[in-house]
Every structure is written in C-alpha cells, then in structure tokens.
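# Quick check, what structure comes out for this input:
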Amino acid sequence: MAEKHILIICGEPSGDLNAGNLATAIKAIDPEIRISGVGGRHLRQAGAQIICDIKDLAVIGLFDVLKKLPKFFGLKKLILEKIKLEKPEAIILVDFSGFNLRLAKAINKTIPVIYYVSPQVWASRQGRIKTIKKYISKILVLFKFEQEFYKRYGIDADFVGHPLLDIVHPTMEKKEFLAELGFSESKTTIALLPGSRKQEIEHILPVMLKTSVLIAEHLPDAQFVIAKSPQVDLDIYNRIMDSFKLNPAPMHRCGVNLMLVEGRTYDCIASADFCLVASGTATLETAIMGKPFAVIYKMNLLNYLLYRPQVRVPYIGMVNIVAKRKIVTEFIQFQATPKKISEEVLRILQNPSEIERMKNELSQIKSSLGEKGASKRASQIIVNFLNKQ
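Residues are numbered from 1 along each chain as shown. Sure thing, here's the model as predicted:
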C-alpha cells in the first residue's frame with residue numbers, strides 16, 4: 001500500500017499548537033501517514049517535515065499584510081509546487097484564514113482540502129462563506145455555535161470540541177511557582193498576558209504596565225508577572241520595560257513588584273488572582289483555568305479603523321462571544337486606557353461577589369467547550385475521510 005501524505009498549513013503560534021496536537025493524534029492512529037507542512041516548533045516536534053517556519057508570518061491588520069505580500073506570494077507558490085510534485089492525499093488548513101482561504105481557492109479542488117479551526121466568518125467578512133462552501137471538502141470546528149452557524153448556510157461542519165481542554169494546566173502548584181519568583185502567596189498577584197505577536201506586545205504591553213503602576217498605587221503589596229511569549233524576542237520586552245524604568249526583576253523605583261517569565265503562561269495564570277489578557281487564545285486559556293480577567297486590545301490606528309467596520313459581533317473576547325453576553329469587561333482601542341482598566345480591576349478585586357460571579361460564569365463557558373480529546377476526535381474524522389477517498 002502506498003504511503004499516505006498530508007500537508008498541514010498554519011501561520012501563527014496558536015495554530016502551530018493546534019496543528020502539532022492534531023499531527024500527533026493522526027500519527028497515533030496511523031503511524032505510516034507522512035506529514036509535512038508550514039508550522040513551528042509544535043508541528044516539528046510532532047514529526048512533521050517543515051517546509052517553511054511560521055516565524056514572522058503572523059500579521060495584524062492590512063498594513064502588516066501589505067508589508068509581507070512578497071513572502072505570502074512566495075509561500076503560496078511553494079505549497080502549490082509541492083502539491084503538484086508530491087500529490088498528497090489531502091491538505092489540512094489550520095486557522096490563518098487570510099492566507100489559507102486564498103490557498104484553498106488556488107488549489108481549486110485538485111486535492112481534498114480540510115479546514116481545522118474555522119475562519120471566524122461569523123464575526124466578519126461573511127462573504128468568505130461562499131469560498132468555504134465551494135473549495136473546502138470538510139470543516140472541523142471548535143465551538144458548538146460555529147456548527148450551528150455553518151448549518152444555516154448548508155455547510156456540514158463537524159464539532160470536535162476545543163483542544164485547549166487537554167493542554168491548559170500549570171506545571172506546578174501556585175505556592176511553589178510564586179516562591180520560585182520570590183513572590184508571596186499572601187499578596188495579590190496580577191498576571192499580564194500581552195499577546196504572542198511582536199505587534200501586540202508593542203501596542204498592549206505599555207498599556208498593561210501603565211495600568212500596573214496605577215494599581216500598585218492603590219494596592220502597594222500587589223505583585224505582577226508578565227507571561228512572555230517564546231515567539232517574541234526578549235529585546236522587545238526589555239525595550240518597553242526600560243521606557244518605564246522597569247527591569248525583569250522585583251522591587252523597582254516606581255514601586256511595582258514585577259517579574260518576566262518565559263514559556264510558562266499556564267503557571268502565570270494559575271498563580272494570579274486576576275489577569276489582564278490580550279484578546280485571542282489566551283482569553284480561553286484564562287477562562288478554562290477559572291481566573292477572573294479583563295480583555296485589553298489595541299492595534300495600529302489605521303489598521304483598527306479599517307478592521308472595525310467589518311466586525312459584526314458586539315464583542316472580541318471569545319468568552320463573551322461564546323456566552324453571547326458580557327462576562328468579562330473588554331477595553332478595546334480608545335477604551336484601553338490605564339485609568340479605566342485599573343479602576344475596573346480594583347473594583348473587581350474589592351468585590352468578592354463579583355469575583356465569584358465571574359468564576360461561575362467562566363466555569364459554564366468551559367463546560368460549553370465540549371469534552372477533552374478534541375485533537376483525537378478531529379484526527380479520527382480526518383483519517384476516516386482519507387480512507388474513503
């Protein structure tokens with residue numbers, strides 16, 4: 001029997017994580033399947049041959065896309081040539097919709113195209129539904145409401161649940177982690193999660209740091225931990241902290257007790273009494289861990305002015321989108337001011353009933369994400385689909 005070959009294409013750190021878990025699950029079902037594609041360390045660790053690393057592929061807004069157009073055109077050409085030369089049994093697209101939907105259109109049904117982690121067409125640019133219906137052979141979604149959304153358009157989507165349920169957990173107890181940082185368990189700990197892309201860090205971390213200074217003025221014993229993304233250079237964090245006369249070590253001239261921790265986001269969240277979170281995957285990770293938080297998002301002004309009119313949902317945080325109501329406060333663009341954010345954080349921290357309300361509602365969101373084993377269910381659907389081809 002000829003060896004089966006699958007291409008997997010992702011373009012961002014969260015997509016790489018999902019792609020890596022999916023590839024591992026596929027290989028567990030059929031070790032003879034060969035996997036190659038575009039990804040990062042997670043897809044590589046799953047045994048895939050990486051034809052292009054995702055470093056520097058992630059973009060935010062139209063202007064970032066325009067800067068990298070030559071790179072994207074070159075990548076699409078590389079993938080199409082690989083498909084023509086190697087004739088894989090299927091290609092799996094993971095999120096990264098701006099690029100992946102154009103790629104699906106260019107493939108034009110010459111091989112089956114499977115989409116895992118649906119494009120957020122329910123939030124904006126619903127015209128893309130026509131592209132999905134025409135060029136995607138099978139779509140696997142992470143949220144129940146997505147399955148219901150596609151059904152209204154005559155698209156059969158498989159709901160597999162959310163893969164984060166299998167991977168979101170700390171590596172050590174809160175007391176042990178705080179002790180490692182030189183922090184006290186009796187003090188209020190606030191985690192800062194400014195995103196996983198360079199552009200996000202540059203726009204959001206300064207807002208979070210200014211907010212931390214204001215919080216520390218009212219809560220002198222507060223301690224703050226920044227969850228550093230491994231995909232973003234340390235120099236970027238240091239440059240921003242230097243502008244505040246902050247360094248990644250505790251007890252500073254401004255009175256803020258701050259630490260920077262790399263690659264241990266779940267430990268940072270688990271240790272916190274409250275989190276400030278950039279919109280994205282981290283909002284769900286924080287919700288799964290049951291930690292009260294607020295969403296902060298800020299981007300290049302021109303990108304925001306172009307992007308905002310396209311958004312058709314009232315929220316950008318997945319927790320609020322899934323709930324169809326405001327569970328956590330969102331501070332977006334012009335509302336993302338340190339004064340407003342710090343006042344809201346202090347209000348919540350000083351209101352035990354509000355903290356309890358938020359934890360209960362976050363628990364309900366976690367329950368709505370399905371059962372553990374999403375990657376395993378998705379991989380079984382994919383392997384069954386391939387076997388029928």
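
# give the contact list for Ile236.
Residues near Ile236 by Cβ atoms under 8 Å, 6 or more residues apart in numbering: Lys198, Ile201, Glu202. In short, each C-beta sits where N, CA and C put it, glycine included.

# Now tabulate these in a markdown table and tack on neighbour count.
Converted to a markdown table, those look like this (neighbours: other Cβ atoms under 10 Å):
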| residue | neighbour count |
| --- | --- |
| Lys198 | 17 |
| Ile201 | 23 |
| Glu202 | 18 |
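
# Take these and keep only those in helices.
The helices, defined by DSSP state H, take in Lys198, Ile201, Glu202 from the contacts of Ile236.

# of all those, which comes closest to Gln350?
Nearest to Gln350 among the ones in helices among the contacts of Ile236: Ile201, at 29.5 Å, using Cβ to Cβ.

# which residues touch the closest one?
By Cβ under 8 Å, 6+ apart, the neighbours of Ile201 are Pro194, Gly195, Ser229, Val232, Ile236, Tyr237, Ile240.

# Surely Ser137 touches Ile114?
Yes - with contact defined as Cβ atoms under 8 Å, Ser137 reaches Ile114; the gap is 6.2 Å.

# anything in contact with each of those two?
Shared contacts of Ser137 and Ile114, counting by Cβ under 8 Å, 6+ apart, come down to Ala90, Phe385.

# More neighbours: which of those two?
Neighbours per residue, other Cβ atoms under 10 Å: of Ser137 and Ile114, the larger number sits with Ile114, 23 against 15.

# State the pLDDT value of the more buried one.
With respect to pLDDT, Ile114 has a value of 97.

# Which stretches in the stretch 251-389 of the chain count as helices?
Along the stretch 251-389 of the chain, counting by DSSP state H, counting those that start in this stretch, helices occupy 265-271, 281-288, 301-307, 318-323, 338-349, 352-368, 374-387.

# Show me what the fourth one is packed up against.
This points to helix 318-323. helix 281-288, helix 352-368 (3 or more Cβ pairs under 8 Å, 6 or more residues apart in numbering; DSSP states H and E).

# Please name the residues that touch the residue nearest the centre of the chain.
For the chain, Thr281 is the residue whose C-alpha lies nearest the centre (Cα atoms, centre = their mean; 2.8 Å). Thr281 sits next to Ser14, Leu164, Ser196 when contact means Cβ under 8 Å, 6+ apart.

# could you redo those residues as TSV and give each row secondary structure, pLDDT and neighbour count?
Output for these, formatted as TSV (DSSP: H, G, I helix; E, B strand; the rest coil; pLDDT from 0 to 100; neighbours: other Cβ atoms under 10 Å):
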residue	secondary structure	pLDDT	neighbour count
Ser14	helix	87	22
Leu164	helix	95	21
Ser196	coil	86	23
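
# Put together CSV for these, with distance to Asn100 on each row.
CSV is the format used below for the contacts of Thr281 (distance: Cβ to Cβ, whole Å):
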residue, distance to Asn100
Ser14, 14
Leu164, 20
Ser196, 18
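
# for the ones in helices among the contacts of Ile236, which one is nearest Leu43?
For the ones in helices among the contacts of Ile236, the nearest to Leu43 is Lys198 (20.5 Å; Cβ to Cβ).

# ok, the closest one - contacts?
Contact partners of Lys198, counting by Cβ under 8 Å, 6+ apart, are Val232, Asp233, Ile236.

# same thing with Pro314?
Pro314 neighbours (Cβ under 8 Å, 6+ apart): Asn320.

# could you show me where the strands are in this structure, in order?
For the chain, the strands defined by DSSP state E occupy 5-9, 34-39, 49-53, 90-94, 113-116, 138-141, 157-159, 189-193, 223-228, 257-262, 274-278, 293-297, 330-332.

# Tell me the pLDDT of Ala227.
At Ala227, the model reports a pLDDT of 97.

# Same question for Arg312.
71.

# Adding distance to Glu185, write the ones in helices among the contacts of Ile236 out as a markdown table.
Output for the ones in helices among the contacts of Ile236, formatted as a markdown table (distance: Cβ to Cβ, whole Å):
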| residue | distance to Glu185 |
| --- | --- |
| Lys198 | 33 |
| Ile201 | 28 |
| Glu202 | 33 |
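
# count of neighbours near Lys376?
The local packing of Lys376 (other Cβ under 10 Å) involves 20 other residues.

# Do I have it right that it meets Ile26?
No - counting by Cβ under 8 Å, Lys376 stays clear of Ile26, with 9.6 Å between them.

# Domains in this protein, by residue range?
Following automatic domain parsing, one gets these domains for the chain: 5-163+373-387, 174-368.

# ok, the residue nearest to the centre of the chain to Ile215 distance?
Per Cβ to Cβ, to the nearest Å, Thr281 is found 25 Å from Ile215.

# With Ser353 instead?
20 Å.

# neighbour-wise, which of the two wins?
Higher neighbour count among Ser353 and Ile215: Ile215, with 24 against 7, using other Cβ under 10 Å.

# so that one makes contact with Lys339?
No - with contact defined as Cβ under 8 Å, Ile215 does not count as touching Lys339 (10.9 Å).

# in stretch 164-177, what counts as buried?
Neighbour counts over stretch 164-177 (16 or more other Cβ atoms under 10 Å) mark Leu164, Leu165, Asp166, Ile167, Val168, Pro170, Phe177 as buried.

# before we move on, what about stretch 293-301?
Using 16+ other Cβ under 10 Å as the test for burial, stretch 293-301 gives Phe293, Ala294, Val295, Ile296, Tyr297, Lys298, Met299, Asn300.
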